[in-house]
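>>> next input, structure requested:
(chains A and B)
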Amino acid sequence: MKFDMKLKSNVLLITLVSFCLTGCWDREYLKDLHLAYCSAIDYTENGEIKETIELIIPPDVEQTATKSEIHSSTGPTVRNASNQLRNRVRGNIRFIKYGFELMGKTMAEQGLYPILDVNYRDPSNPTSNVRLIITEGEASQILEQKMVGELKIGEFLKQKIDSLEEMSVFPKETADTVFRSLKDPGHDFALPYIDRNEGEIIAKGVALFHDQNYSGMLNPDQSIMMVLLMGQQGKNARFTKKLDLGHSDDIRNFITINVGSKKIKRKFKVSIADDESIDVNLGLELKAVVEEFTDTLDEKELKKVSQELSELLTKEAETVVNEIQKANCDIFGVGRKLIAYHHNVWSNKNWSEDYRKVKFHTKVDVKIVSTGILQ
Amino acid sequence: MTQKEKMISRGQLFCFIIQSQIGVGILSLPFKLSETAKGGGALSVLIAGIITQLVIILLWVLLNKFPGLNLFSICLQIGGPIIGRILIIAYIGYFVLLGSNVMFSAVEVLQRWMLQTTPRWAILALFSIMTLYLAREKLTVLARFFTLATVLFVPLILFVSYGLTQAHLELMLPLLENGFWNIMNGVKDSAISMYGFEMMLIVYPLSEGTNNQRLMTISLASGFVTLLYVFVVSTCLMVFNSEQIKLIPEPVIYLVKSLNFYIVDRADILFLPIWAITLVCSIVSYCYAASIGLSVLFKRKNHKNFTPFVKISTFMIALAPVTPAGFHLFDTAATYASYVFIAGLSMMLLMVSLFMKRKAGGLA
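Predicted coordinates:
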């Protein structure tokens, strides 16, 4: 009898407890969500924020392709614009599969932080693998194109950024590394810079930033040099240079080398003179693989060509550093070195003015280590 | 207390101390340190670790004066039935306060990062039920669970270590940017996350080994915790710059979130549940201590029946603060209570015991 009572009360308890277990407040079913894969943000003429997103709609029938939709709305802040968007589509938009954010140049000129704040503040927004891209024209126009060939615009851009990072054209920056540079007084950043031209989306190089504002740009060739000077490298980094060989048909004077497939040695040294002027030694030792060249290269020629390439690339590096300094973009983190190792000097400097006075001594050494399968 | 309980081994003692020490404090420690000590944060933690070692030695001297007795019985021995009881009640109050503070902070963090729409009472209730189960058990059961949970430090340390891929030594330099005094100020902040070693006052009589061996074990545990903290703090200070860390109250979780694991987008969601187990251990040890105190107070052999009362009061206390001002008051109260009870009162007990004539044996 007693045993029975205990059994009954246990059964009752288990039933009651299992009722409590069914509840969960923080659940989201994938089928109820609309995933935003990418967004574009611009300022409208009256100073509001215009947000355009690409929504991916899961297919009704399994194993058919997903569909994409482009929507846009405006609001005083990014979050508000997103909420306005939610009013326009079927409801819940979530950014959990978010891949990148496009931002118009006019917006980048006015500062990135107010736009990016929501990405960092709300933990449900991913940041670790989100790319930021600057567009020359209006960012929304690129998304509104919707398809590039067979590909959805979001997928296309993602592949494009990935492959250009591998070609060392774009530095590998994510929303999180940008957050760090945004807040760092001694370090700036550069972001991919793209534009649309007659239906094609082309990489224009990189956009340079000072503090949080767009301040200049580099073309794709210069971008590669900048990425290498930063100490990063993708799988490839190709330069095509004209050598002084004196052939009558111009194409035979050019050489294409790849320096990204071998390890790059980089030297970066900040030194302070007695009068607190700053000298930066920036050196690269590149090991090049010849990928296209019409002459044969014997040992003597190799040396001469290496020499000539070193001079050409040193000159190019100097122009790049000049451009970067003109844009007031401390991409190499000279300021950070000062904060860390020469703190007294740093506190005497007004970095947004004094960075331009830094003297860079740039040197690029090229050594051809392979000529492919031809001599 | 004449009840014979099974002793815990030295390995278990080691894990017990570690698990009670590591709590929610470390998640925000780099943030607090960046305000005061800046780059020298890791130094502050080291100094706090050394101070902790000193306090451990003093507590050990106290415990050695009364072999076989725990904190509460010592209170009775020194203070007599009336003052002793008042001291016991004060200590129970302290353990309840700290237990609810840890639980409260844990729920705060979980709610902000993961369970945004789940009401706070639900998470608190889950934590309470979970810890109730453990805290009413014997010490050996607790020790076994804590030992098992120590395995979870491996993934936790791996997660944080992966952050080193983003680290730049320069972000931490110069070490002495804010000067020596601010580093000492940081020591105060880091001391808060060191609490938990006072559990030795409860478990010391129930652990195996000679006096020196036990001291060694506890010191090693506290040393391990200090080094782990130094590692975590310096990793955070090397990943975030000082301007950025000002905006991030829980840099350790943010660090894990910002890492790119390619397959997983938000590693913090994996990190937090693992961390929660460690938090459960901290809460359990405080509740266990409070229940033991009640059992001594009412001269019962078993603390089992007191645990629900302790749990209910921690639950109520943790539910009370709702505004940021309330949170702050709660934290400050817990901090000062720790100073008073760990350093102040224990030292006073030690002083009194030094002047007191040694009573025959340690039998109550």
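>>> run the chain-centre distance for the lowest-mean-pLDDT helix or strand in chain A.
Here the helix or strand of chain A ranked lowest by mean pLDDT, DSSP states H and E is helix A:2-21, holding a mean of 77. Relative to the centre of its chain, helix A:2-21 is centred 58 Å away, using C-alpha atoms, centre = their mean, to the nearest Å.
>>> give the next helix or strand downstream of that helix.
Using DSSP states H and E, the helix or strand that follows helix A:2-21 towards the C-terminus is strand A:34-43.
>>> packing partners of that next one?
Judged by 3 or more C-beta pairs under 8 Å, 6 or more residues apart in numbering or on different chains; DSSP states H and E, strand A:34-43 is in contact with strand A:49-57, strand A:93-94, strand A:100-104, helix A:105-110, helix A:139-144, helix A:153-166. In this view, the C-beta of every residue, glycine as well, is placed from N, C-alpha and C.
>>> can you tell me which of those the model trusts least?
Of all those, mean pLDDT reaches its minimum on strand A:93-94 (a mean of 81).
>>> partner strands of that strand, with direction?
If you go by DSSP bridges, strand A:93-94 pairs up with strand A:34-43 (parallel).
>>> and the angle for the strand it pairs with with helix A:153-166?
70 degrees (axes from the mean of the first three to the mean of the last three C-alpha atoms, to 10 degrees).
>>> how about strand A:34-43: buried residues?
Across strand A:34-43, burial judged by 16 or more other C-beta atoms under 10 Å in any protein chain shown covers A:34-43.
>>> doesn't A:Asp26 make contact with B:Ala122?
No - using C-beta atoms under 8 Å, B:Ala122 is not in contact with A:Asp26; the gap is 10.3 Å.
>>> and those two? Which one has more around it.
The neighbour comparison of B:Ala122 against A:Asp26 (other C-beta atoms under 10 Å in any protein chain shown) goes to B:Ala122, with 16 against 10.
>>> with B:Tyr162 as the reference, measure out to that one.
Distance, B:Ala122 to B:Tyr162, by C-beta to C-beta, to the nearest Å: 32 Å.
>>> does A:Val118 belong to a helix or a strand, and which?
helix A:113-121.
>>> what helices or strands is that helix leaning on?
When contacts are defined as 3+ C-beta pairs under 8 Å, 6+ apart, helix A:113-121 sits against helix A:78-88, strand A:100-104, helix A:175-183.
>>> and stretch B:275-294, how far from the chain's centre?
In terms of C-alpha atoms, centre = their mean, the centre of stretch B:275-294 is found 9 Å from the chain centre.
>>> mean confidence (pLDDT) on that stretch, please.
Here stretch B:275-294 scores 91 as its mean pLDDT.
>>> for stretch B:323-340, same thing?
85.
>>> grab the nearest non-local neighbour of residue 86.
You didn't say which chain, so I picked chain A. Leaving aside its chain neighbours, A:Arg86 sits nearest to A:Ile93 (5.5 Å; criterion: C-beta to C-beta, 6 or more residues apart in numbering or on different chains).
>>> chain B, not that one
According to C-beta to C-beta, 6+ apart, the nearest residue to B:Ile86 is B:Gly79 (7.3 Å).
>>> please report the distance of the one you found from B:Leu158.
Counting by C-beta to C-beta, the gap from B:Gly79 to B:Leu158 is 48 Å.
>>> from the neighbour counts alone, determine which of these two ranks first.
B:Gly79 (16 against 9).
>>> wait, what's in contact with that one?
B:85-87 (C-beta atoms under 8 Å, 6 or more residues apart in numbering or on different chains).
>>> inside helices: which ones of those residues?
Counting by DSSP state H, the contacts of B:Gly79 place B:85-87 in helices.
>>> closest to chain A among the residues you listed?
When the ones in helices among the contacts of B:Gly79 are compared for distance to chain A (C-beta to the nearest C-beta), B:Arg85 wins out at 37.2 Å.
>>> secondary structure element for whichever residue of the stretch 201-350 of chain A sits closest to chain B?
Relative to chain B, the nearest point of the stretch 201-350 of chain A is A:Ala340 (3.6 Å; C-beta to the nearest C-beta). Secondary structure from DSSP H and E places A:Ala340 in helix A:334-341.
>>> which SSE is immediately downstream of that helix?
Beyond helix A:334-341 toward the C-terminal end (DSSP H and E), the next one is helix A:343-348.
>>> which other helices and strands contact that next one?
Other helices and strands packing on helix A:343-348, by 3+ C-beta pairs under 8 Å, 6+ apart, are helix A:334-341.
>>> which parts of the helix it packs on are buried?
Across helix A:334-341, burial judged by 16+ other C-beta under 10 Å covers A:334-340.
>>> can I get the helices and strands packed on strand A:34-43 in TSV including mean neighbour count?
What follows is those, written out as TSV (neighbours: other C-beta atoms under 10 Å in any protein chain shown):
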stretch	mean neighbour count
strand A:49-57	22
strand A:93-94	17
strand A:100-104	23
helix A:105-110	18
helix A:139-144	22
helix A:153-166	18
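>>> TSV for the ones you listed, including distance to B:Asn211?
Converted to TSV, the helices and strands packed on strand A:34-43 look like this (distance: least, C-beta to C-beta, whole Å):
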stretch	distance to B:Asn211
strand A:49-57	67
strand A:93-94	59
strand A:100-104	62
helix A:105-110	67
helix A:139-144	71
helix A:153-166	61
